[in-house]
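In: pasted the sequence and its predicted model underneath.
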Amino acid sequence: MVTRKGHAVAETVEADLLIVGAGPAGLYGAYYAGFRELKVAVVDSLPELGGQVTAMYPEKAILDVAGFPTIKGRELVANLVEQAATAAPTYLLGRTAIGVEHRGDRVRVLLDDETVVDAGAVILTAGIGRFQPRGLPAGEDWEGRGLAFFVPKLDVYAGQDVVVVGGGDSAFDWAHHLEPIAKSVTLVHRRTAFRAHASTVTAVQTSSVEIVTPATVTALLPGEDGALAEIEVTDADSGETHRRPAQAVIAALGFLADLGPLKEWGLDLDKRHILVDPAMRTNLPRVYAAGDVTEYPGKVRLIAVGFGEVATAVNNAAVDIDPDAHVFPGHSSEGS
């Protein structure tokens, strides 16, 4: 695995296919490129494989991947990495694709460390693009000292009083998964209505999780040792405040996302999504897109949909790379 660290000089990486984004769709695309006997390189600005799932939801139970009644995010990524390994991909992690140039039947992509990837085609599987969590105003200076925005591991909260702030899927998922592990779980949301999936809301409402609405966390307070010990909660209607114990606060307030340098490539965009046709082609020659980053009529943003889209993109890109190839290569289960 090649990472940015340690590369003092620029290099050129040759590939049949470059995939920009190492989330679930990108990893499956790497596998499928190998199935099409293409040499593949994968770029991601994050230092680890798995994209948003690894960074934000490794412990989340994913329920809508075919063949898995339930699978944790980290387990899904591990399986995809193992599957992609059959293609022997070149991973270029901790690097961002910043520019593109077309030279005949080749696409040259410049990375932010001056590495150039020379490929026959490119597939953009950038997910939601670059993202950063929305801050908790009361939590300034507490990040890493009791305040977190993601939950990479549940067991670190064992025996703690945990406060989850937010009313969306992430907030309810984490409250639900932490409830049997933590000493106590309190969910604080500024509204009485929630954006999370109804079944998860019901599961949390019928558990021991205390739901405090409409309210905001207005202060994080230290104990005698300087560590986080309490929070202050302010009722949104009455303005009254009260304190409750908390050794950990998880701010699940959503995130800010954008396409970063991809916005400068000349792609046809719909806000922060890339417009594609039924073959997953963008408006740029030999540049395709798949997964959550794409937009077209009837688009549904599911991991399962991304798998199908990236397979479509790889098969069509294969014909760009080799005009004698066929879009449909046959089934992977067919014997030779």
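Out: Noted; the coordinates are in hand. Residues are numbered from 1 along each chain as shown.

In: pLDDT below threshold where in the stretch 51-200 of the chain?
Out: 129-131 (pLDDT under 70).

In: please redo it, this time with the cut-off set to 80
Out: Within the stretch 51-200 of the chain, the stretches with pLDDT under 80 are 55-60, 128-133, 152.

In: all strands of it, in order?
Out: 61-62, 71-72, 90-93, 97-103, 106-111, 116-124, 130-133, 147-148, 161-165, 184-188 (DSSP state E, counting those that start in this stretch).

In: with adjacent residues omitted, what lies nearest to the spatially most central residue of the chain?
Out: Centrality entry for the chain: nearest residue to the mean C-alpha point is residue 52, 1.5 Å, by CA atoms, centre = their mean. Distances taken as CB to CB, 6 or more residues apart in numbering put residue 127 closest to residue 52, at 5.3 Å, once the chain neighbours are dropped. Yep, even glycine has a C-beta here, placed from its N, CA and C like the rest.

In: can you tell me which residues contact the one you found?
Out: 21, 23, 25, 51-52, 291-293 (CB atoms under 8 Å, 6 or more residues apart in numbering).

In: quick one: it from residue 214, how far?
Out: 32 Å (CB to CB, to the nearest Å).

In: go on, residue 102?
Out: 53 Å.

In: show me which of these two is the more surrounded one.
Out: residue 214 (15 against 12; other CB atoms under 10 Å).

In: pretty sure the more buried one sits against residue 193.
Out: No. With contacts counted by CB atoms under 8 Å, residue 214 stays clear of residue 193, the gap being 9.3 Å.

In: what's stretch 29-39 in contact with?
Out: The contact list for stretch 29-39 (CB under 8 Å, 6+ apart) reads 14-17, 19, 40, 42, 80, 83-84, 86-89, 123, 125, 290, 310-311, 313-315, 318, 321, 325, 329, 332.

In: can you tell me the closest non-neighbouring residue to residue 150?
Out: Per CB to CB, 6+ apart, closest to residue 150 is residue 56, 4.9 Å.

In: least confident pick among the contacts of residue 127?
Out: Ranked by pLDDT, the contacts of residue 127 bottom out at residue 52 (81).

In: tell me the spacing between that residue and residue 245.
Out: 32 Å.

In: before we move on, what about residue 79?
Out: 39 Å.

In: circling back: which of the contacts of residue 127 has the largest number of neighbours?
Out: That'd be residue 25 among these, by other CB under 10 Å, with 32 neighbours.
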